[in-house]
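K.L.:
Take this sequence and fold it.
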Amino acid sequence: MEIKSTAIIGMGALGMMYGTHMLDAGEKNVWFVMDEARMQKYGTRTFYKNEKPYQLPIKNCEQMDPADLVIVAVKYNALPSALETMRKCVGEHTVILSVMNGITSEEIIGERYGEEHMIYTVAHGMDAMKFGEKLTYTKMGELRIGAREACQEKNVKAVEAYFDRIHMPYHVDEDIMHRLWSKFMLNVGINQTCMVYETNYGGCLVKGEPNRTMIAAMREVIALAQAEGIALGEADLNEYIGILETLLPEGMPSMRQDGVAHRKSEVEMFAGTVLRLAKKHGLYVPANEFLYECVKEMEAKY
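P.N.:
Got it, this is the predicted structure:
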């Protein structure tokens, strides 16, 4: 199958970064799909990527035909409504790609639309930030893609060909679940620590309490991954700390951006998931318990 049309669900940092890349590559059949209320809110706005202006192509979800590729780029709390928004975008041969954080979005989407539509994806090494209509980044990173089930291999091949055509940075991971858990480990550490300590990437890398908390939270994910049969270890932790060191020190992850904007965060996807799995396996996760409680206290004051 050749991918000729793309529907993007979500206009956050990643949705806008990948969508504008497709538009810059000359793709004509790319739409940001949303409901009528969001169309009224966003339809006439000018958006900016590193100061370059864009009038983004927006389409009503009720007027959509099936797309060849659907990219889900929403926050965890918005996934239930996104599943409904994308309803008419999914046809018999549609490939669905989620760039959401965490380790559960592909499973949730697959339960609704079928595992045969999915590929597993990790957004890797980017430092994108979006406030209002303005997206900024110094590193686009790359998309790590792969198949968990044999029925998804054809989807990976179709996305490979599409990404080659539009020069999208990507890499095919043979063990995509290991990559998914590796990124989850990083996000559990950096996202929550930046939010709780109200700091940035640089603030979590210098010696001190934020750094110790971040590393402790990441090591708890390593123990959970191993209990789930994923061979995560200290080498993975060191690799991802190395990636953090390449990012703009003043940059901040999505959860810290939520804190600045007083939005509900993705703590349930991070510490919430860790706590649920820790209970399942009988593991002690004090760093994530601490982060979870702190975030909930912060959000209660908004």
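K.L.:
just the helices in the stretch 51-200 of the chain please.
P.N.:
Assigned by DSSP state H, counting those that start in this stretch, the helices in the stretch 51-200 of the chain fall at 79-85, 105-113, 153-166, 176-196.
K.L.:
I'd like those laid out as CSV, including mean neighbour count, mean pLDDT and distance to Gly19.
P.N.:
Placement of C-beta: from N, CA and C, glycine included. As requested, those are exported to CSV (neighbours: other C-beta atoms under 10 Å; pLDDT from 0 to 100; distance: least, C-beta to C-beta, whole Å):
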stretch, mean neighbour count, mean pLDDT, distance to Gly19
helix 79-85, 17, 97, 15
helix 105-113, 18, 96, 18
helix 153-166, 17, 98, 11
helix 176-196, 24, 97, 21
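K.L.:
ok, what's across the strand from Val172?
P.N.:
Val172 forms beta bridges with Ile145, as assigned by DSSP bridges.
K.L.:
my guess is it meets Glu142, correct?
P.N.:
No: contact criterion C-beta atoms under 8 Å: Val172 and Glu142 do not qualify, at 10.7 Å.
K.L.:
returning to what we had before: want to throw the helices of the stretch 51-200 of the chain into a markdown table with distance to Asn211?
P.N.:
As requested, those are arranged in a markdown table below (distance: least, C-beta to C-beta, whole Å):
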| stretch | distance to Asn211 |
| --- | --- |
| helix 79-85 | 31 |
| helix 105-113 | 28 |
| helix 153-166 | 35 |
| helix 176-196 | 8 |
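K.L.:
Beta-bridge partners for the nearest residue to Leu23 once chain neighbours are set aside, please?
P.N.:
Distances taken as C-beta to C-beta, 6 or more residues apart in numbering place Val30 nearest to Leu23, at 6.0 Å, with adjacent residues excluded. Per DSSP bridges, the residues bridged to Val30 are Thr6.
K.L.:
And Val30, how close does it get to Val70?
P.N.:
As judged by C-beta to C-beta, to the nearest Å, Val30 and Val70 stand 11 Å apart.
K.L.:
just Gly259 next, same as before
P.N.:
Here Gly259 is placed at a distance of 29 Å from Val70 (C-beta to C-beta).
K.L.:
Same drill for the two, tell me which one is more crowded.
P.N.:
More crowded of Gly259 and Val70, by other C-beta atoms under 10 Å: Val70, with 26 against 20.
K.L.:
Now do the same contact list for that one.
P.N.:
Val70 makes contacts with 6-9, 86, 89-90, 94-97, as judged by C-beta atoms under 8 Å, 6 or more residues apart in numbering.
K.L.:
Could you pick out the buried ones from those?
P.N.:
Those of the contacts of Val70 that meet the buried threshold are 6-9, 86, 89-90, 94-97, by 16 or more other C-beta atoms under 10 Å.
K.L.:
count of neighbours near Ile222?
P.N.:
Here the number of neighbours of Ile222 (other C-beta under 10 Å) works out to 19.
K.L.:
for the closest residue to Asn101 other than its chain neighbours, what are its contacts?
P.N.:
Once flanking residues are discounted, Asn101 sits nearest to Asn187: 5.1 Å by C-beta to C-beta, 6+ apart. Asn187 makes contact with 101-102, 253, 270, according to C-beta under 8 Å, 6+ apart.
K.L.:
Tell me the one of the residues you listed nearest Phe131?
P.N.:
Pro253 (13.5 Å; C-beta to C-beta).
K.L.:
and the closest one, what does it touch?
P.N.:
Per C-beta under 8 Å, 6+ apart, neighbours of Pro253: 187, 190-191, 194, 201.
K.L.:
In a markdown table, list the buried ones among the contacts of Val70 along with distance to Lys49 and pLDDT.
P.N.:
Formatted as a markdown table, the buried ones among the contacts of Val70 follow (distance: C-beta to C-beta, whole Å; pLDDT from 0 to 100):
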| residue | distance to Lys49 | pLDDT |
| --- | --- | --- |
| Thr6 | 17 | 98 |
| Ala7 | 19 | 98 |
| Ile8 | 14 | 98 |
| Ile9 | 19 | 98 |
| Met86 | 23 | 98 |
| Cys89 | 23 | 98 |
| Val90 | 27 | 98 |
| Thr94 | 26 | 98 |
| Val95 | 25 | 98 |
| Ile96 | 24 | 98 |
| Leu97 | 20 | 97 |
